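**Q** What shape does this take:
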Amino acid sequence: MITTVEERAAELHDVIRTCTLCALSATRTHAVPGEGPLTAEVMCIGEAPGMNEDKQGRPFVGAAGQFLGELLGAAGLTREQVYICNVLKCRPPGNRDPLPNEIDACAEYLDLQIDLVDPLVIVTLGRFSMSKWFPQQAISRIHGSVKEVDDRFVVPMYHPAAALHQGSLRQVLLDDFARLPAILERARARRRAAETEQQVPSAAEQPASEPIVPEPASASPVEAAAPLTAPFSTNGAHAASLPSTQDPMPERPASQEPERRTAAPPTQDSTPERDDPDPAGKTEQIRLFE
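**A** Numbers count the residues shown, from 1 in each chain. As a prediction, the model looks like this:
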């Protein structure tokens, strides 16, 4: 049973290496799943393997890969700190552009890799990886911008190979990557804030304090000495046992003076007053693994 992230990633890479979902499986030398730490904060997503990648089964190992290492250095990162993969896992013949059905065949693999790594920042390299989050956009207009998607930042950039063919893009790429540390720090702060919100329950989720209900007062001596109420029916033995309310009061001899008693001073209630209780209470991904 697959339990750890490393085991899930290894299983996914094995599935990619033996994939036959599109015609590229018939022309490839090696499928190229991707590589990098599964705890990486940054994920770089390219277009498709080239000739050197197809031979070695690793992403970005040619001239474009060397320039990618330089770009990562401008961002204060090393290749060993970043997870690198491509939209397509197999090389298109002659390095042609990926076809829509080929992108669809690999889409689930890419989604699973993003889920496994859970990066803070995704850097798309080239227009084909950019179109996953920025459809119908031109990379010349939005390169270096930031878009927040699913609690992470997505930053579109030119593919490193573009600078090898068009020298003016070299400095553009270096400048875009130089802004990556600040973007990464924003993403870290955003993730910390989201985790804090999940740990602290909202006011609606906190249990309401029960109001303080004063205990019922005991009956006073006058109430305790109140005469019994007559029963519903005065017929029968029960009614006969009750004392008659018509009996005359016994006479007191005239010579006998009533005993004088001095009333005791009222005692102060030692029970402190209790304030009224405050009503406000102060107080879709497809799983490949099972």
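
**Q** Contact partners for the residue nearest to residue 75 when sequence neighbours are not counted?
**A** Nearest non-adjacent residue to residue 75, counting by C-beta to C-beta, 6 or more residues apart in numbering: residue 180, 3.9 Å away. All C-beta spots, glycine's among them, are computed from the backbone N, C-alpha and C. Neighbouring residues of residue 180 by C-beta atoms under 8 Å, 6 or more residues apart in numbering: 42, 75-77, 121, 123, 155.

**Q** The host helix or strand of residue 156 pairs with which strands, and in what direction?
**A** Using DSSP states H and E, residue 156 sits within strand 152-157. Applying DSSP bridges, strand 152-157 is found paired with strand 121-125 (parallel), strand 147-149 (antiparallel).

**Q** shaky segments in the protein?
**A** Counting by pLDDT under 70, the ranges of the chain that qualify are 1-2, 200-290.

**Q** tell me the angle of the longest helix seen in it relative to strand 121-125?
**A** Looking across the chain with DSSP state H, the single longest helix is helix 180-199. Counting by axes from the mean of the first three to the mean of the last three C-alpha atoms, to 10 degrees, helix 180-199 lies at 140 degrees to strand 121-125.

**Q** one step back: which one of the contacts of residue 180 is nearest residue 192?
**A** Nearest to residue 192 among the contacts of residue 180: residue 121, at 14.6 Å, using C-beta to C-beta.

**Q** residues near that closest one, how many?
**A** The number of residues packed near residue 121 is 22, by other C-beta atoms under 10 Å.

**Q** What are the neighbouring residues in contact with residue 137?
**A** Residue 137 makes contact with 130-131, 156, according to C-beta under 8 Å, 6+ apart.

**Q** backbone phi and psi for it, please?
**A** Dihedral pair for residue 137: phi -110, psi 150, per degrees, to the nearest 10.

**Q** What residues does residue 145 make contact with?
**A** Contacts of residue 145 by C-beta under 8 Å, 6+ apart are 155-156.

**Q** Quick check: it is in a helix.
**A** No: if the criterion is DSSP: H, G, I helix; E, B strand; the rest coil, then residue 145 is coil and not within a helix.
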